[in-house]
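A.B. asks: sequence and predicted structure below; questions after.
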Amino acid sequence: MNVRDSEHMIAELNKKEPYELTQNLSEADLIIINTCSVREKPVSKLFSEIGVFRKHKKDGAKIGVTGCTASHLGRDIIKRAPVVDFVLGARNVSKLPNVIDKKHAVEIDLDYDDSTYSFGEYRTNPLKAMVNISMGCDKSCTYCIVPATRGEEVSIPTDLIINEIEKAVNSGAKEVMLLGQNVNNYGKYFSSDQEKCNFTQLLRKVSQIDGLERIRFTSPHPLHMDDEFLEEFAYNPKICKQIHIPLQSGSSKILKEMKRGYTKEWFLNRCAKVRELCPEATISTDIIVGFPNESDEDFEDTMDVLEQVRFEQLFSFKYSPRPLTQAATYENQIPNDVASARLTRLQKRHTQIVDEIMNSQMGKIHKVYFDELKSGGKVSGRSDDGKLFFVKGSEELLGQILPVRVTKVSRGALDGEVV
Ligand code: SAH
Ligand code: SF4
């Protein structure tokens, strides 16, 4: 989401006057730090980054802080680091052209109307389009700061989404990634009158776009994974067979304390349904270890879900207490060494599972969409089920979807040859 927000910022700046991106700090007239605040680490990194930029930036260059930490800390960022010229919250991207010339401007409100969601066109990679379908979040998971920084959930009107995807397809994109905190809650809250459309219906509409070949989305919420949605996922040939199902914890007791709204059994049942309807699909997940009150037994439940589902990809984190969240006030915070040991055990076991999965790929054929030129005469792309491939080749492969046989296996990626 932050990557897409950054693209929106570039598009907004370009509406005002042409800007060029640079990797060279001493050349930049404007430096924007687009922040995350989901865990504490990126927040503390922000101030050290500002220090580095202050030291090495060109005279007169402006520094802006945007994104979730901007929403959360607001004017305090300028108080702590007066070198910062402006602060712009995650929901205020369209105000960027107004704030860059105002010294110490702070815009962090959480309002939304559809007019604030119409950006210029800018895509880092024109072959793949990221498209927001909703903003904010209507849940209140007790560990999570996102509802406080990105505001109430609102769905973007269906026709805006379809128009945006059509434009991207006309500019060369064959793949779209639909973005939202709970994509499969789409259609619950529109800011203005519009025909009802839930996520499954949206997927059907998107898949009718001529020239679009692949649809991905992130993140769906396990709670809203009804059979109709999973059947659409399994049987719609344009939907890539890769699904993120964020577990967070395998213990029903901890899930309740997290206010996730589902149990271990529901989660396992939904994953089993995916495996049954679509055995070729890969499942990824997010797991938090060391949530307050997590006992050894609770953690064993998480390990048990890992064993049963055998996630192809895992994003795992140590619980990080966040301001503005309920769980930060809970008693029984877990000592750091206990949480670290759990994280290590979880990641080690997952690494073994991934090695087993990847080793079984040798010689298999996948359809790969080539989207990036790499060094060393290679081109990279992803298979339908999300595996990263490297193939010898050049520009002419870009934008093509071709069958590729796996010739070499490693943990994070596969080498292959076009067949
Ligand atoms: N809407 C998505 C999650 C967005 S935040 C969902 O519900 O799945 C991305 C991930 O960061 C979460 O899935 C969670 O695993 C992790 N996360 C969020 N808050 C956290 C915290 N306080 N400590 C550690 N990890 C956290
Ligand atoms: Fe955070 Fe929960 Fe909303 Fe995801 S669903 S963004 S974890 S509050």
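C.D. replies: Structure's in. What do you need? Residues are numbered from 1 along each chain as shown. Ligands and ions are numbered 1, 2, ... in the order given.
A.B. asks: every contact and neighbour count from this point should use C-alpha atoms.
C.D. replies: OK.
A.B. asks: pull the contacting residues for whichever residue of the stretch 301-419 of the chain sits closest to ligand 2.
C.D. replies: The minimum distance from the stretch 301-419 of the chain to ligand 2, using CA to the nearest ligand atom, falls at Thr325 (9.5 Å). Listed by CA atoms under 8 Å, 6 or more residues apart in numbering, the contact partners of Thr325 are 142-145.
A.B. asks: hang on, it in a strand?
C.D. replies: No: looking at Thr325 with DSSP: H, G, I helix; E, B strand; the rest coil, it is coil, so not inside a strand.
A.B. asks: near ligand 2, which residues of the stretch 151-300 of the chain?
C.D. replies: Contact residues (CA under 6 Å from any ligand atom) of the stretch 151-300 of the chain with ligand 2: Gln181.
A.B. asks: up against ligand 1, what does the stretch 151-300 of the chain have?
C.D. replies: 181-182, 219, 221, 246, 248, 286-288.
A.B. asks: recalculate using a threshold of 8 Å.
C.D. replies: Selection of the stretch 151-300 of the chain residues close to ligand 1 by CA under 8 Å from any ligand atom yields 180-182, 219-221, 245-248, 285-289.
A.B. asks: how much space is there between the residue in the chain sticking out farthest from the centre and Pro82?
C.D. replies: Ranked by distance from the centre of the chain (CA atoms, centre = their mean), the top residue is Asp59, with 35.0 Å. Distance of Asp59 to Pro82, given as CA to CA, to the nearest Å: 15 Å.
A.B. asks: likewise for Val146?
C.D. replies: 26 Å.
A.B. asks: which of the two has more neighbours?
C.D. replies: Counted by other CA atoms under 10 Å, Val146 and Pro82 do not tie: Val146 has more neighbours, with 23 against 12.
A.B. asks: for the residue farthest from the centre of the chain, give me its contacts.
C.D. replies: By CA under 8 Å, 6+ apart, the contact set of Asp59 is empty.
A.B. asks: how about it, secondary structure?
C.D. replies: coil.
A.B. asks: follow-up on the earlier one: and which of the contacts of Thr325 is nearest Pro321?
C.D. replies: Minimum distance to Pro321 across those is 6.8 Å, recorded for Tyr143 (CA to CA).
A.B. asks: any chance of a markdown table for the contacts of Thr325, columns secondary structure, neighbour count and distance to ligand 1?
C.D. replies: Converted to a markdown table, these look like this (DSSP: H, G, I helix; E, B strand; the rest coil; neighbours: other CA atoms under 10 Å; distance: CA to the nearest ligand atom, whole Å):
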| residue | secondary structure | neighbour count | distance to ligand 1 |
| --- | --- | --- | --- |
| Thr142 | coil | 21 | 8 |
| Tyr143 | coil | 24 | 4 |
| Cys144 | coil | 23 | 4 |
| Ile145 | coil | 23 | 7 |
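A.B. asks: need the max-distance pair from these.
C.D. replies: Thr142 and Ile145 (8.4 Å).
A.B. asks: now do the helices in the protein.
C.D. replies: 2-16, 40-56, 68-73, 76-80, 96-99, 146-150, 158-170, 199-207, 227-235, 252-258, 264-277, 296-309, 336-359 (DSSP state H).
A.B. asks: can you add mean pLDDT and give those helices back as a markdown table?
C.D. replies: As requested, the helices of the chain are exported to a markdown table (pLDDT from 0 to 100):
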| stretch | mean pLDDT |
| --- | --- |
| helix 2-16 | 93 |
| helix 40-56 | 93 |
| helix 68-73 | 95 |
| helix 76-80 | 96 |
| helix 96-99 | 92 |
| helix 146-150 | 95 |
| helix 158-170 | 96 |
| helix 199-207 | 98 |
| helix 227-235 | 98 |
| helix 252-258 | 98 |
| helix 264-277 | 98 |
| helix 296-309 | 98 |
| helix 336-359 | 97 |
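A.B. asks: pick the most buried one from these.
C.D. replies: Per residue and on average, the most neighbours among the helices of the chain fall to helix 68-73, with a mean of 24 (mean count of other CA atoms under 10 Å).
A.B. asks: near ligand 1 at all, it?
C.D. replies: No: Helix 68-73 stays clear of ligand 1 (CA under 8 Å from any ligand atom), getting no nearer than 11.4 Å.
A.B. asks: and the residue of the stretch 151-300 of the chain found nearest ligand 1, how many neighbours?
C.D. replies: Nearest residue of the stretch 151-300 of the chain to ligand 1: Gln181, at 3.9 Å (CA to the nearest ligand atom). Gln181: 24 surrounding residues under other CA under 10 Å.
A.B. asks: my guess is it contacts Phe217. True?
C.D. replies: No: look at Gln181 against Phe217 with CA atoms under 8 Å: they stay out of range, at 10.3 Å.
A.B. asks: domains in the chain, as residue ranges please.
C.D. replies: By the assignment in automatic domain parsing, the chain contains the domains 2-107, 123-240, 365-418.
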